[in-house]
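Asks: Return a 3D structure for these sequence lines:
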Amino acid sequence: MTPTLIGRWQTRLFLFATVGVLVTLAFVGLQTGDQPRSIYFWILGYITCFGFFWDIFYIKIQKFRWDRDWPGAFQLLAGIWEALFLLTLIKIIGLPGISPTEFNLGLFIFHYSCVWIAIFITSQSLIRILCPYWRFRGGQWF
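Replies: Numbers count the residues shown, from 1 in each chain. Predicted coordinates:
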């Protein structure tokens, strides 16, 4: 069974609130740049919030596939697209909590990549092992 919209939202929120926060805490603890530490949480929050809207679009696209599934290659493309979208918003108009002048592209790419890889690996392995019926309920937790 493929995730429903509510299932995608619940899974996204769960993964970003657990795995995403843990990875982000590592970045906050290993502060290496001159940008404020809170910027990592702002980025995580924006990825999560914009992702809720992207999930609506992804569900629509999914309906055009014969199996109505969302393979790993599509997840990779979605991750790249979401990063480019957020990067464009930050660089062109700026977002609350993230100043375009204090923004470090290298740290953004590194942080985003680490969060995305950790969430991808968790969603493709750990969730399926620890919660075997998660997928059969359309990705819904509650």
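Asks: Touching the longest helix belonging to the chain from outside, list them.
Replies: In the chain, assigned by DSSP state H, the helix with the most residues is helix 39-62. In this structure, residues lying in contact with helix 39-62 by CB atoms under 8 Å, 6 or more residues apart in numbering are 2, 4-5, 8-9, 12-13, 16, 20-21, 24, 27-28, 68-70, 74, 78, 81-82, 85-86, 89, 95-98, 102-103, 108, 111-112, 115. Placement of C-beta: from N, CA and C, glycine included.
Asks: wait, what's in contact with residue 89?
Replies: Contacts here follow CB under 8 Å, 6+ apart; on that basis residue 89 touches 46, 95.
Asks: Roughly how far does it sit from residue 54?
Replies: As for residue 89, its distance to residue 54 is 13 Å (criterion: CB to CB, to the nearest Å).
Asks: In the longest helix of the chain, which residues are buried?
Replies: Applying a neighbour-count criterion of 16 or more other CB atoms under 10 Å, one finds 39-48, 51, 54-55, 58-59, 62 buried in helix 39-62.
Asks: Could you do stretch 103-113 as well?
Replies: Residues of stretch 103-113 classed as buried under the neighbour-count rule (16+ other CB under 10 Å) are 103, 107, 108, 111, 112.
Asks: I'd like the distance from that stretch to the chain centre, please.
Replies: Its chain's C-alpha centre lies 14 Å from the corresponding centre of stretch 103-113 when counted by CA atoms, centre = their mean, to the nearest Å.
Asks: Centre of the chain to the helix or strand of the chain with the lowest mean pLDDT, how far?
Replies: Considering only helices and strands, the least confidently modelled element of the chain by mean pLDDT, DSSP states H and E is helix 127-130, at a mean of 80. Here helix 127-130 is found 19 Å from its chain centre; the criterion is CA atoms, centre = their mean.
Asks: ok, back up a step: mind listing which of the contacts of helix 39-62 are in helices?
Replies: Among the contacts of helix 39-62, the subset assigned to helices under DSSP H consists of 5, 8-9, 12-13, 21, 24, 27-28, 74, 78, 81-82, 85-86, 89, 108, 111-112, 115.
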